[in-house]
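Asker: Sequence plus predicted model, see below.
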Amino acid sequence: MKHIFLSLVVFSSLSLAAQEATPPVFTPPFDAPLSFSGNFGEIRATHFHGGLDFRTGGAVNKRIRALADGYISRVRVNHGSGYIVEVTYDNGYRTINRHLEGLLPPFAALIEQLQYEQESYEVGFIPGVNEYRVKRGEAIGLSGNRGYSFGPHLHLDVIDVDTEDYVDPIPLFGKAIVDTTAPKAFGFQLIPQVGRGVVNNKPTPTTFTPEDKSVVRAWGEVGAAIKAYDFINGSQNKCGVHTVQLYVDGELVHQSVIDRFSYEESRQVNSWSHEGYMRSFVLPGNNHRMFETYNGNRGIVTIDEPRDYRFQYVLTDVAGNSTRYQFTVRGQEMPIDSVDTQSRYYVSWNRTHVVNDPGVSLVIPQEALHQNQLLNYQIKPDTSGVAYTYQLHDKALSLFKPAQLQIGLRHRPVADSTKYYIARVTPKGKSSVGGSYADGFVKADIRTLGTYTVAIDTVPPVITPVEKPNWTKNSKLLFTIADKQTGISHYRATIDGKYVLLYRPNMMQSRYICKLNPKYVEKGKKHTLEVIAVDGCGNETVYRDTFVW
């Protein structure tokens, strides 16, 4: 007998026909056929993806069109998104166009003027309402690959002006976006609730695939979760699923619909997803509007009869393409271990919790966690280190609010207290979370409960000129600036003692560019260049050179 079975039923929805009958709100941003590398609500490490990622065929400088009639409402540039143009439309929406390579007149000149006046790459301005009107289809910028970008594309956020919610843009484009590919599941989880449930005689989650034919047995309170992705025509990228429904014995238990969310709600992604699995139950600390439960127990299923329970998932994308998956869970009475709620490492999600041990202090604020948690806390002595290593929990737990961590120094081999920082320890090594020294402790805010210690950084950044023989010919100075421990905190360049714009176009690379502009650098003479880079612990490198241009 097959106790876990699978059925795939892909069907078309009438929503596509309804969508085609409704006039589109927006014109596509490009003339070419639309293709995507990411969709709205896709799960990211710390947030929901807030918009659409349009492919640009591996090229930059494609003209981006206004989607409707409106006005330019903000123009800026920053390290994370490159050039950014915001447009407020007469139809009640505002869009944010990110990762642009360039701006159109007069904005390019205005941004450059501000950069030199403020001596900063990151600048911006807000025009007056209707000061710069645009018509549907009119060019508003040039696509690019700037900021945190893995390839040329346009990231488009659409925001409801009245509510400031981020909304799914796909329905607003009507027939311009064709999608006939249904979502697909890649795995399921049954998650026993701590102290109240068990799966296959274990208090830990059990994972299985749609093809798995083994018997899953459970008793008590369990939650279900699914790893699934949507796919859009013409793209192999794994996208987020618009609607996920869980039925148990034919009754709807939980539903998630990703069609809008606020900026604040976006961080709650980690109360819903874990290691790629989307929970079909709501944790106590999660108040996101996208989740609805129908069984009176936050979507948690009670297995209390010795029988088979029929679970069914229905996955539907925004175009109405749908897939169904089924599996059976056999109810079988098994012992459930209790949890020591009196342990000083048991954290209630709705209370502030403090851990004080010799050499460490941890303050977890109220509602920082998603649910009650018994921490797997350990102290790992290291007599050779400047501090012990502290395992706050054996698995990474993301926090809604930062916790305050202090770690005491056991040795102080470096007199300069600014060289100490708190480092997170993972199997990949150590990474800096920063911090400051005071009274024998290094203090920092952390966003994840994991493993931490104190490290020392006395090594300054490395500045390396790139293609120096071509500087004069190309009117462009190139460098790599890198720091292996605490990262680059800030940098600055001058030519003949005057500020010049040095910037890092793509944050995935360590290359920095200074374009020589006769407005700011006199041509036909020898120049003195100085580049300063400072890391997170204040270590400084100064690169000096001369060149003729």
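Answerer: That came through fine. Numbering: from 1, shown residues only.
Asker: Who are the packing partners of the biggest strand by length in the chain?
Answerer: For the chain, the strand that runs over the most residues, judged by DSSP state E, is strand 184-199. Counting contacts by 3 or more CB pairs under 8 Å, 6 or more residues apart in numbering; DSSP states H and E, strand 184-199 packs against strand 206-208, strand 217-229, strand 277-279, strand 308-316, strand 322-331. (Glycine included, C-beta is placed from N, CA and C.)
Asker: Mind putting those into JSON lines with mean pLDDT and mean neighbour count?
Answerer: Output for the helices and strands packed on strand 184-199, formatted as JSON lines (pLDDT from 0 to 100; neighbours: other CB atoms under 10 Å):
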{"stretch": "strand 206-208", "mean pLDDT": "97", "mean neighbour count": "17"}
{"stretch": "strand 217-229", "mean pLDDT": "98", "mean neighbour count": "22"}
{"stretch": "strand 277-279", "mean pLDDT": "96", "mean neighbour count": "23"}
{"stretch": "strand 308-316", "mean pLDDT": "98", "mean neighbour count": "19"}
{"stretch": "strand 322-331", "mean pLDDT": "98", "mean neighbour count": "19"}
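Asker: Nearest to F30 among those would be which one?
Answerer: Closest to F30 of the helices and strands packed on strand 184-199 is strand 217-229 (CB to CB; 24.7 Å).
Asker: immediately after that closest one, which helix or strand?
Answerer: Downstream of strand 217-229, the first helix or strand assigned by DSSP states H and E is strand 243-248.
Asker: Quickly run through the sheet partners of that next one, with directions.
Answerer: Strand 243-248 has the following strand partners under DSSP bridges: strand 251-257 (antiparallel), strand 308-316 (antiparallel).
Asker: shouldn't Y121 be in contact with R76?
Answerer: No - between Y121 and R76 there is no contact under CB atoms under 8 Å: 10.8 Å.
Asker: Neighbour count: these two, which is higher?
Answerer: R76 (19 against 15; other CB atoms under 10 Å).
Asker: Doesn't that one lie inside a strand?
Answerer: Yes - with DSSP: H, G, I helix; E, B strand; the rest coil as the criterion, R76 is part of a strand.
Asker: who's in contact with it?
Answerer: Y83, I84, I111, E122, V123, G124, F125 (CB atoms under 8 Å, 6 or more residues apart in numbering).
Asker: For the fourth one, grab the count of nearby residues.
Answerer: Counted with other CB under 10 Å, residues neighbouring E122 total 13.
Asker: Count the residues that sit near the residue nearest to it when sequence neighbours are not counted.
Answerer: Leaving aside its sequence neighbours, E122 sits nearest to N78 (CB to CB, 6 or more residues apart in numbering; 4.6 Å). Counted with other CB under 10 Å, residues neighbouring N78 total 16.
Asker: For N78, give me the pLDDT.
Answerer: Here, the pLDDT recorded for N78 equals 97.
Asker: list the contacts for it?
Answerer: I84, Y121, E122, G124, G147.
Asker: Distance to D317 for the residues you listed - can I get that in a markdown table?
Answerer: Formatted as a markdown table, the contacts of N78 follow (distance: CB to CB, whole Å):
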| residue | distance to D317 |
| --- | --- |
| I84 | 28 |
| Y121 | 39 |
| E122 | 37 |
| G124 | 35 |
| G147 | 28 |
